[in-house]
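Colleague: Quick one, fold the following:
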Amino acid sequence: MKNAVVKRVGLALALVVMMGCGRARSTPPVPLPALDASAPEAKTASEYLIQPGDTLRVKFLYHPDLDVRLPVRPDGNISLQMTGDIAAAGMSANHLAEVIRERSGDRLRDPEVTVIVAEIGEQKVYVGGEVRLPGFVPYRSGLTPLQAILDRGGFTDTARADSVVHLMVGEKDYQATRLDLTKVLEGEPESVQLAARDMLYVPRTTIGDMNSFVDLYVRRLLPIPPRVGVGFSP
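Modeller: Numbers count the residues shown, from 1 in each chain. Next up is the predicted model:
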């Protein structure tokens, strides 16, 4: 049972990162607190993160013959003459420009690189766990957790609406928040708005130890570097 859940959540988290749909958060990770949880204020975004399906313009200031306009492939990579494959999904344009500058330095002298996101691909939010149709929801401004869950058919009979996990993925960190949506089902307005690339996971049982849940299902399974900090905010 536990192995099945681990595989299921791990696949969901990997899909979210591969989609790369999202924006970096301005709110820094916070220490893991006690379990009493209420919905947090909506998060804001400060810098767009590249996703598969985006179209990029890469410009070399002193080598215009190397300038290129290219798509980010479904696997999140791009290919450049000077660098080969680069895993661009999840990076900001400035970060990607730095990576290209470093990797092309072996063949170019003091390269100056600019990356522009020319076109943004479709943005999505992932909804998994105990919902009737697990999968992606097209992101739209003002999308709330309950709206996203209803877009995937709503809760199953075994869902725990009081322990919904909201995962927010940034370029260098991610945060997990437990949401109690039972109050929303009873008529309270939602105070949380989702961002593209967020994930919602609806568990079958109450998460008694959120810290352990984050460590087991997020820290070990999300395919981002281990140096990344984790925050759980109530």
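Colleague: Where does the record place the domain boundaries for this structure?
Modeller: Under the assignment named as automatic domain parsing, the residue ranges that make up the domains of the chain are 2-22+29-43+123-232, 52-119.
Colleague: Which of those domains comes out lowest on mean pLDDT?
Modeller: For the domains of the chain, mean pLDDT drops lowest on domain 2-22+29-43+123-232, to a mean of 71.
Colleague: Identify each buried residue in stretch 187-206, please.
Modeller: Burial within stretch 187-206, assessed by neighbour count using 16 or more other Cβ atoms under 10 Å, is assigned to 190, 192-203. Where you see a C-beta, it was placed from the backbone N, CA and C, and this is true even at glycine.
Colleague: Val131: which of those is nearest?
Modeller: Val202 (5.5 Å; Cβ to Cβ).
Colleague: Can you name the residues that contact the closest one?
Modeller: Counting by Cβ atoms under 8 Å, 6 or more residues apart in numbering, Val202 makes contact with 127-131, 149, 155-156, 159-161, 164-165.
Colleague: Go again with 10 Å.
Modeller: 127-131, 134, 145, 149, 152, 154-156, 158-161, 163-165, 179, 181 (Cβ atoms under 10 Å, 6 or more residues apart in numbering).
Colleague: Let's see the ChimeraX selection covering just the buried ones among these.
Modeller: The ChimeraX command for the buried members of those (criterion: 16+ other Cβ under 10 Å) is given here:
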select :127,128,129,130,131,134,145,149,152,155,159,160,161,163,164,165,179,181
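Colleague: quick one: which of the contacts of Val202 sit in strands?
Modeller: The strands in this structure, assigned by DSSP state E, contain 127-129, 164-165, 179 from those.
Colleague: any chance of those residues in CSV, with distance to Gly90 too?
Modeller: Converted to CSV, those look like this (distance: Cβ to Cβ, whole Å):
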residue, distance to Gly90
Val127, 20
Gly128, 19
Gly129, 23
Val164, 24
Val165, 20
Leu179, 24
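Colleague: Which pair in those residues has the greatest spatial separation?
Modeller: Distances among those were taken as Cβ to Cβ; the most separated pair is Gly128 and Leu179, at 14.3 Å.
Colleague: residue boundaries of the helices in the protein?
Modeller: For the chain, the helices defined by DSSP state H cover 2-19, 93-104, 145-151, 182-185, 210-214.
Colleague: that older thread, among the buried residues of stretch 187-206, which lie within strands?
Modeller: For those, the ones inside strands are 199-202, with DSSP E as the criterion.
Colleague: Nearest to Pro74, out of those residues: which one, please.
Modeller: For those, with Pro74 as the reference and Cβ to Cβ as the criterion, the closest is Met199, at 18.6 Å.
Colleague: beta partners of that closest one?
Modeller: Legend: beta-bridge partners of Met199 under DSSP bridges are Tyr126, Leu167.
Colleague: That one contacts Ile149, doesn't it?
Modeller: No: with contacts defined as Cβ atoms under 10 Å, Met199 does not count as touching Ile149, sitting 11.9 Å away.
Colleague: Between these two, which contacts overlap?
Modeller: A shared contact of Met199 and Ile149, defined by Cβ under 10 Å, 6+ apart, is any residue touching both; here these are 127, 129.
Colleague: could I have stretch 137-154 exported to PDB, CA atoms only?
Modeller: The C-alpha atoms that make up stretch 137-154 are tabulated as PDB, following Å, rounded to 0.1, in the frame of the first residue of the first chain:
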ATOM      1  CA  VAL A 137      -6.100  21.700 -15.100                       C
ATOM      2  CA  PRO A 138      -5.400  24.600 -17.400                       C
ATOM      3  CA  TYR A 139      -4.300  27.500 -15.300                       C
ATOM      4  CA  ARG A 140      -6.400  30.700 -15.300                       C
ATOM      5  CA  SER A 141      -6.100  33.800 -13.200                       C
ATOM      6  CA  GLY A 142      -7.900  33.500  -9.900                       C
ATOM      7  CA  LEU A 143      -8.000  29.700  -9.900                       C
ATOM      8  CA  THR A 144      -8.600  28.300  -6.400                       C
ATOM      9  CA  PRO A 145      -7.900  24.900  -5.000                       C
ATOM     10  CA  LEU A 146     -11.500  23.900  -4.800                       C
ATOM     11  CA  GLN A 147     -12.200  25.100  -8.400                       C
ATOM     12  CA  ALA A 148      -9.200  23.000  -9.600                       C
ATOM     13  CA  ILE A 149     -10.500  19.900  -7.800                       C
ATOM     14  CA  LEU A 150     -14.000  20.300  -9.100                       C
ATOM     15  CA  ASP A 151     -12.500  20.700 -12.600                       C
ATOM     16  CA  ARG A 152     -11.100  17.200 -12.100                       C
ATOM     17  CA  GLY A 153     -14.500  15.700 -11.100                       C
ATOM     18  CA  GLY A 154     -14.500  16.600  -7.400                       C
END
